[in-house]
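Chemist: predicted model and sequence follow; I will ask about them next.
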Amino acid sequence: MKTWVVVASAARARIFEVDGRREPLHEVMDLVNPEDRLQTQALKSDKPGRAFDHMGGHRHAVGTAIDPKEQVAIRFAKQVLDRLDADRHRGRFDSLCVVASPHFLGLLRDRMGNSLTRAVRGEVINDLTQQDLGSVREHVAHLL
């Protein structure tokens, strides 16, 4: 049974493959979110739009409901999940272990489809995207 381990944060997602409980991890892909490094001001295109009230003709600013940095993280979470979902349908893995920073894990959970949800063997709440293979393996060994 082939297991994939996704180690993710809003800035990066590393995906590893392991063939068995005692086998080593092999990195399959490394997805980077360059927009995560941008400052919030650089993500905004310009000032908020303006709108008129229906009654009285007063103008007011129209703000965004979601912070631009949050929108970037949401888009990246969707990109990671779309990639995992496509590879799951191709039969590239049977089960999935998810290791992510707390906030990003929440974004992944909220957007994960049924097929991937059923494939999840376990989760680890931790940002290990900068760790070496040995450290990642230690943190997920109990899930394999």
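Modeler: Noted; the coordinates are in hand. Numbers count the residues shown, from 1 in each chain.
Chemist: how about stretch 15-34: buried residues?
Modeler: 15-18, 25, 33 (16 or more other Cβ atoms under 10 Å). Heads up, the C-betas are built off the backbone N, CA and C, glycines and all.
Chemist: meant to ask about stretch 69-80, not that
Modeler: 72-74, 76-77, 80.
Chemist: nearest the geometric middle of the chain, what residue?
Modeler: residue 77 (3.3 Å; Cα atoms, centre = their mean).
Chemist: for that one, list the residues it contacts.
Modeler: 10, 104, 107-108, 111 (Cβ atoms under 8 Å, 6 or more residues apart in numbering).
Chemist: hmm, try it at 6 Å
Modeler: Contact partners of residue 77, counting by Cβ atoms under 6 Å, 6 or more residues apart in numbering, are 107-108, 111.
Chemist: nearest to residue 142, of these?
Modeler: residue 108 (19.9 Å; Cβ to Cβ).
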